[in-house]
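Visitor: Turn this into a model:
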Amino acid sequence: MKLSEIKDLLNADVIVGEEMLNSVEVDTAFASDLLSDVLAYAKERALFITGLTNPQVIRTVEVLDLIGVVFVRGKVPQMDTVELAKRKNIPLLRTKCIMFETCGRLYGAGIKASIEKVD
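Guide: The predicted structure is shown next:
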């Protein structure tokens with residue numbers, strides 16, 4: 001599914017990366033407000049869904065080679081976060097949906113969970 005389709009599905013606003021919406025393909029997603037869980041369990045090339053808005057989100061995306069971020073609950077990322085995402089070419093979207101609804105809509109549209117095996 002293209003990132004542009006996810007934008008429409010979530011009624012999301014594009015913060016950064018409008019030009020990437022039709023070229024970024026999304027197959028999996030990982031949702032968390034704990035960066036330690038993302039680092040421990042998310043697989044590369046996933047879409048990151050979070051309510052965190054600090055620059056560490058972008059650093060985590062970069063380290064794991066994730067494909068973008070959807071901020072939930074209408075959260076507006078910090079300016080430092082937006083600037084870093086611009087420099088790193090990481091698309092950022094924002095939806096008013098809560099995390100549960102965001103995940104449900106994506107799952108219903110065929111996006112799979114991105115998770116390493118949990119013991």
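Visitor: If the spatially most central residue of the chain is in a bridge, with which residues?
Guide: Most central in the chain under C-alpha atoms, centre = their mean is Val69, positioned 2.4 Å from the mean C-alpha point. Bridge pairing for Val69 (DSSP bridges) gives the partners Phe48, Leu92.
Visitor: I'd like to know how far it sits from Val61.
Guide: Val69 sits 6 Å away from Val61, taking C-beta to C-beta, to the nearest Å as the criterion. In this view, the C-beta of every residue, glycine as well, is placed from N, C-alpha and C.
Visitor: which residues do the two both contact?
Guide: Residues touching both Val69 and Val61 (C-beta atoms under 8 Å, 6 or more residues apart in numbering): 48, 90.
Visitor: Quick check, pLDDT for the residue nearest to the centre of the chain.
Guide: The model reports Val69 with a pLDDT of 98.
Visitor: Look at Val14 and give its secondary structure.
Guide: strand (DSSP: H, G, I helix; E, B strand; the rest coil).
Visitor: OK, contacts around it?
Guide: 7, 21, 91-93 are the contacts of Val14 under C-beta under 8 Å, 6+ apart.
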